[in-house]
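# How does the following fold in three dimensions:
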Amino acid sequence: MSDNKRFARQERLSQVGLDGQKLLQGATVAIIGVGALGCTSAEWLCRAGVAKLILIDRDVVNESNLQRQCLFSESDVARRLPKAVAAAERLNAINSACVIETHCVDLAAHNIDAICQGADVLVDGCDNFFTRYLLNDFSVKNKIDYVYAGAVATYGMVALLQPSKACLRCVFPEPPPVDQTPTCASAGVLGPAIGVVASLASTLAIQSICKADLPQQFIHIELWPFAAQSINASVNDACECCSKNNFEWLSGQRTTASVTSNCDNTEVHFAGSGTIDLMQLGERFKGGLDELKYSTLCLQFKHDDCEIFIFSDRSIHIYGCDSIERAKSIVSDTVGL
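Numbers count the residues shown, from 1 in each chain. Below is the predicted model of the structure:
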């Protein structure tokens with residue numbers, strides 16, 4: 001298919017034009033997380049003509065994904081395909097000229113350089129804040145634009161973070177506490193809300209590639225009922241990351257979790273100080289998790305045939321889990337880490 005026909009409508013935009021289209025067709029975008037946000041962002045960027053997409057996700061497609069993750073089908077669930085692989089199949093059918101590189105791994109401090117080096121833009125499709133702060137470190141250190149995106153229930157937030165202007169930690173110095181972070185499992189999720197946020201994220205990525213001069217701001221959008229507001233962002237002189245060049249997540253000082261496994265269970269212990277308020281966490285999870293029970297000592301529930309026990313010291317025991325990767329996915333889906 002002729003590129004002249006494929007991208008003709010896009011090239012007619014004064015904001016893109018032939019020059020912008022050439023930039024898109026020479027660009028590499030890393031999409032971290034190929035769930036609901038990542039699927040929609042990947043499809044729009046693939047259709048826009050981006051030269052290469054790097055897809056990073058440790059999870060496999062399951063039935064609950066089909067309500068909102070637009071690149072997947074029942075066939076992918078039956079085949080238990082990794083999300084990055086299933087997405088690549090669909091994207092290759094959409095635009096065979098787009099090079100798709102897949103990584104079915106947990107993105108972490110030890111592998112982010114090898115995977116994301118060479119990307120022109122980082123696009124957030126994450127389901128946890130620790131990975132977002134890792135991406136922010138990498139963005140600032142390597143001077144790569146980072147499109148922040150997050151969504152749950154009927155609302156979400158998006159921002160284009162350009163290291164010369166501000167970073168995530170300028171506005172949000174620390175990740176939110178575990179017991180105050182809603183997830184799709186605990187709060188539910190409206191598929192179109194994810195689509196709106198992801199469409200905004202992919203638009204910001206296109207604007208970054210086309211070198212648009214944009215204000216530095218976080219856009220918060222609520223879909224039901226509709227409302228939107230923006231939060232201006234600027235460099236914070238006290239910022240540990242972009243002002244002091246202290247890359248705590250990238251250096252491994254701050255890690256998501258330590259994971260150990262034995263014949264009976266997988267144990268996940270999340271880094272950080274303090275304890276988890278299990279009563280508050282339990283109230284937030286009500287109605288969203290199967291067989292939920294909780295007290296000040298322990299919170300337990302079932303998820304995907306596994307039994308999960310959360311303790312106030314930030315440790316989580318998962319029974320019936322067959323791999324460390326699956327354990328991390330379960331915790332991300334439910335607790336949001």
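# And stretch 305-321, how far out from the chain middle?
Between the centre of stretch 305-321 and the centre of its chain there are 23 Å (C-alpha atoms, centre = their mean, to the nearest Å).
# Identify the residues contacting the nearest residue in space to Arg80 that is not next to it in sequence.
Sequence neighbours aside, Val60 is the residue nearest to Arg80 in space, at 5.2 Å (criterion: C-beta to C-beta, 6 or more residues apart in numbering). No exception for glycine: its C-beta is placed from N, CA and C like everyone else's. If you count contacts by C-beta atoms under 8 Å, 6 or more residues apart in numbering, Val60 has them with 80-83.
# go with 10 Å
Going by C-beta atoms under 10 Å, 6 or more residues apart in numbering, Val60 touches 76-77, 79-86, 104, 325-326, 329.
# Okay, domains of the protein per the record?
Under automatic domain parsing, the residue ranges defining each domain of the chain are 3-232, 257-334.
# rank those domains by pLDDT, which is bottom?
Mean pLDDT is lowest for domain 257-334 out of the domains of the chain, coming in at a mean of 75.
# The residue positioned nearest the centre of the chain - nearest residue in space that isn't next to it in sequence?
Closest residue to the average C-alpha location of the chain: Cys126 at 1.3 Å, with C-alpha atoms, centre = their mean. Ranked by C-beta to C-beta, 6+ apart and with sequence neighbours excluded, the top spatial neighbour of Cys126 is Gly33, at 4.5 Å.
# what about Gln15, neighbour count?
Neighbours of Gln15 under the rule other C-beta atoms under 10 Å: 10.
# should've said Phe72
24.
# do the same with the one 3 residues further on
Around Ser75 sit 11 other residues, with neighbours defined as other C-beta under 10 Å.
# Could you do Ser234 as well?
So Ser234, with other C-beta under 10 Å, has 11 neighbours.
# does it really touch Ser243, like I thought?
No: contact criterion C-beta atoms under 10 Å: Ser234 and Ser243 do not qualify, at 11.3 Å.
# Overlap of the contact sets of the two?
Taking C-beta under 10 Å, 6+ apart as the contact rule, Ser234 and Ser243 both touch Cys170.
# circling back: give the bridge partners for the residue nearest to Arg80, please.
Pro82 (DSSP bridges).
# show me where the chain has strands.
Under the criterion DSSP state E, the chain contains strands at 28-32, 52-56, 99-103, 121-124, 145-152, 155-161, 217-223, 226-232, 257-261, 265-270, 290-294, 298-303, 306-311, 315-319.
# Kindly reformat the domains of the chain as CSV and extend each row with distance to Cys239.
Formatted as CSV, the domains of the chain follow (distance: least, C-beta to C-beta, whole Å):
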stretch, distance to Cys239
domain 3-232, 5
domain 257-334, 20
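# Would you tell me which one of those is buried the most?
Of all these, domain 3-232 has the most neighbours on average by mean count of other C-beta atoms under 10 Å, namely a mean of 19.
# Can you give the distance of that one from its chain's centre?
7 Å.
# got the strands of the chain as TSV, with distance to Ala205 columns?
Formatted as TSV, those follow (distance: least, C-beta to C-beta, whole Å):
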stretch	distance to Ala205
strand 28-32	6
strand 52-56	11
strand 99-103	16
strand 121-124	5
strand 145-152	5
strand 155-161	8
strand 217-223	14
strand 226-232	18
strand 257-261	29
strand 265-270	30
strand 290-294	37
strand 298-303	32
strand 306-311	35
strand 315-319	34
